[in-house]
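Asker: quick check, what structure comes out for this input:
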Amino acid sequence: MGTGAYREQYRRSLDDPEAFWLDAARAVDWVRPPTVALDDTAAPLYRWFPDGQLNTAANALDRHVDAGRGEQDALVWDSPVTGGSARYSYRRLRDEVATLAGALRSLGVAKGDRVVIYLPMVPEAVVAMLACARLGAVHSVVFGGFAPKELAARIADAAPKVVLTASCGVEPTRVVEYVPIVREALQLVRDEGATEPAHVVVLQRDTARAELRDGELDWNEVVASAAPADPVPVAATDPLYVLYTSGTTGKPKGVVRDNGGHAVALAWSMSAVYGIGPGDVWWTASDVGWVVGHSYIVYAPLLVGATTVLYEGKPVGTPDAGAFWRVASQYGVHALFTAPTALRAIKRVDPDGAEIGRYDLGALRTLFLAGERLDPQTYHWASERLGIPVVDHWWQTETGWPIAANPRGLEALPVKPGSATVPMPGWDVRVLDQAGREQPAGREGAIAVRLPLPPGSLPTLWGDDERFVASYLSRYPGYYLSGDSGYVDSDGYLFVMGRTDDVINVAGHRLSTGAMEAVLAAHPAVAECAVIGVADPLKGQLPRGFVVLKAGADISEEQLAKELVAAVRAEIGPVAGFRDVAVVDALPKTRSGKILRATMRGIADGREVTVPSTIEDPTVLDRLRSALRPPS
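Answerer: Okay, here's the model as predicted:
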């Protein structure tokens, strides 16, 4: 588990968290420095730095300008799908953020108000997030590919004063007009009787401009008349953002991130985990709609004074499998963070890595991968062809920063393919069996974290402390349930094997199979259904649907499958990757009526499975085996 700096810091973080995190807090500029690290008076609802005050946007921008580094690049934007690019110095980014913050203030946005951001990968998305932070407003970013129903659910829950959107998003093969999606979502919000936003502000893009209606404002016009806003001090415990993640019920869970713990944890992780500091060029090839984009495109690199790359493109097809290496070479990227899915896509098109040799990657020191399990084949392919450390690590929307990683900035530990390496300081990771007993080395179980969770992790869910406790803290009292299973080996290395619930990981996107089942069940011909995530060599997992028809249903299997795929695409969005539906005569269940999804997954993935003794009718599973085989 390491013998030097890592072991010392890890042990100290668990033995004396008060001193450890107050020391780490010195990396942040405070309006009022905290004198206490942890507030446990409302446990298990813990709070970090309860008496501290700060402004996250000022920490990300103003302090670097004030320190004389205003002309350094803060943000580099590269958009192969539009042919655009831009560079923003810390001074320019600070000024644009202050002006948009002033514009939001003129629209009535104040500290504590919410703003929903529904934007593509453009610089204005980063500006919008930081402008909210500057005002002490709470942003909620929704990934641009989400369907109206998903957007409406988030607007209804967050009740924003303003929605910031664009006329369109640009994909490699199509243009997605955003304004009609927003309008449809707002109609759904009205139909539910929920509070709708007072204003919608639209960024016009030349690729496809929108005809604005009453109540819809032009972004540039709103900004042109705005006076810059100064940073508003907020409590460390005040929310910075709400990010919605799939729940096992239909309602998405609003993960809350606070200001103080978030800034401290991200600044610490940027240095200790990723080895990135002032002036380094850092590229996270993700989307600002996901937690990776929040933490490591926007906040962490700017908090430490690095240059962050914002990329509006894909790993392949924009224009070819050399896209990542072109960007890394062009901007002198020191470290790249992406998902294994991206590498598998590149590997499929360019198996020999010929594109890598076309570019000068002399600046590239490390490749970091997360979002799903890094399979050993992809690890070996990347490490052999790039000739640099390829580092897997593991974390979640809820945690905000790595639970387990290889702390390159502290001590570079040996890599074990298939392992996320070791728990980071603050994360007291345990592997538990069904009864809550800690498992010995090498034995798989539920991965849990002993409370309190460290700074930067979620303190609760938006407006729902009870659901927070029920979802994460009730299964094993005193522990946070990660929802993943795995084991720790004799060296203390953590191996994360997969999800234990019905949230699947499609190309790094966590999606609820329960939500997909709700769409299938709504079809008039469907009596019951199940959706499972099956292993996929490119995307990690893909959903497969199994439906039982109602008696007398008059529809062909081909037509039904077509309608169900279209319905999931409309309700969940194309990111679900839902294409395969099989009609079966029955679903395997326990005597209590629970569908045996885990057993179905095991058969579909080709594993030997033990059929639970509680199964109601074993012959159902026997008949289902042919349907569970991967589609040809």
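
Asker: ranges for the strands of the stretch 351-500 of the chain?
Answerer: For the stretch 351-500 of the chain, the strands defined by DSSP state E, counting those that start in this stretch occupy 366-369, 390-392, 404-405, 422-423, 428-432, 445-450, 479-488, 494-499.

Asker: mean confidence for the fourth one?
Answerer: Averaging pLDDT along strand 422-423 gives 98.

Asker: so what touches that strand?
Answerer: Under the contact criterion C-beta atoms under 8 Å, 6 or more residues apart in numbering, strand 422-423 has outside partners 1-2, 6, 10, 403-407, 413, 429, 492-494. No exception for glycine: its C-beta is placed from N, CA and C like everyone else's.

Asker: tell me which two in the residues you listed are the farthest apart.
Answerer: Farthest pair in the contacts of strand 422-423 (C-beta to C-beta) is 2 and 403. Separation: 16.3 Å.

Asker: re the thing from before, export the strands of the stretch 351-500 of the chain as a markdown table, with columns for mean neighbour count and distance to residue 147.
Answerer: Listed next are those as a markdown table, based on neighbours: other C-beta atoms under 10 Å; distance: least, C-beta to C-beta, whole Å:
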| stretch | mean neighbour count | distance to residue 147 |
| --- | --- | --- |
| strand 366-369 | 22 | 29 |
| strand 390-392 | 25 | 32 |
| strand 404-405 | 26 | 33 |
| strand 422-423 | 24 | 37 |
| strand 428-432 | 20 | 36 |
| strand 445-450 | 22 | 31 |
| strand 479-488 | 22 | 24 |
| strand 494-499 | 20 | 23 |
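
Asker: indicate which one of the ones you listed is closest to residue 340.
Answerer: Comparing those by their distance to residue 340 (C-beta to C-beta), the top pick is strand 366-369, with 5.3 Å.

Asker: go through stretch 450-466 and flag the buried ones.
Answerer: 451-462, 464 (16 or more other C-beta atoms under 10 Å).

Asker: who's in contact with residue 237?
Answerer: 39, 47-50, 258-260, 459.

Asker: so residue 279 touches residue 301, yeah?
Answerer: No - with contact defined as C-beta atoms under 8 Å, residue 279 does not reach residue 301; the gap is 11.0 Å.

Asker: quickly list what's touching both of the two.
Answerer: Joint contacts of residue 279 and residue 301 (C-beta under 8 Å, 6+ apart) are residue 307.

Asker: so for these two, which residue has more residues nearby?
Answerer: Just comparing residue 279 and residue 301: by other C-beta atoms under 10 Å the higher neighbour count belongs to residue 301, 28 against 13.

Asker: please state the offset of the strand or helix carrying the more buried one from the chain centre?
Answerer: Using DSSP states H and E, residue 301 maps to helix 300-303. Distance of helix 300-303 from its chain centroid, counting by C-alpha atoms, centre = their mean, to the nearest Å, is 17 Å.

Asker: now do it, average pLDDT.
Answerer: Averaged across helix 300-303, pLDDT comes to 98.

Asker: just checking, what packs against it?
Answerer: Here helix 300-303 touches helix 260-272, strand 307-311, going by 3 or more C-beta pairs under 8 Å, 6 or more residues apart in numbering; DSSP states H and E.

Asker: in TSV, list those along with distance to residue 507 and mean pLDDT.
Answerer: Putting the helices and strands packed on helix 300-303 into TSV (distance: least, C-beta to C-beta, whole Å; pLDDT from 0 to 100) gives the following:
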stretch	distance to residue 507	mean pLDDT
helix 260-272	24	98
strand 307-311	16	98
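
Asker: mind listing residues that contact the helix ranked longest in the chain?
Answerer: Secondary structure assigned by DSSP state H gives helix 90-106 as the longest helix of the chain. The contact list for helix 90-106, computed with C-beta under 8 Å, 6+ apart, reads 57, 61-62, 64-65, 69-75, 88, 115, 124, 126-128, 130-132, 134-135, 137, 162, 201, 222-223, 225-230, 305.

Asker: re the thing from before, would you single out the least confident of the strands of the stretch 351-500 of the chain?
Answerer: Of all those, mean pLDDT reaches its minimum on strand 494-499 (a mean of 82).

Asker: quick one: mean pLDDT for the helix or strand following that strand?
Answerer: Following strand 494-499 in sequence order, the next helix or strand is strand 503-506 (DSSP H and E). When pLDDT is averaged over strand 503-506, the result is 74.

Asker: show me what counts as buried in the helix or strand that contains residue 23.
Answerer: Remark: residue 23 resides in helix 17-24, with elements defined by DSSP H and E. Neighbour-count burial for helix 17-24, counted by 16+ other C-beta under 10 Å, picks out 17, 20-22, 24.

Asker: per-domain residue ranges of the protein.
Answerer: 5-313+393-473, 506-628 (automatic domain parsing).

Asker: roughly how far is the last one from the heart of the chain?
Answerer: Put plainly, it is domain 506-628. 25 Å.

Asker: tell me how far the ends of that domain are from each other?
Answerer: Domain 506-628 has an end-to-end distance of 19 Å (criterion: C-alpha to C-alpha, to the nearest Å).

Asker: and if you look at stretch 160-170?
Answerer: End to end - C-alpha to C-alpha - stretch 160-170 spans 25 Å.

Asker: mean confidence score for that stretch?
Answerer: Mean pLDDT, computed over stretch 160-170, is 97.
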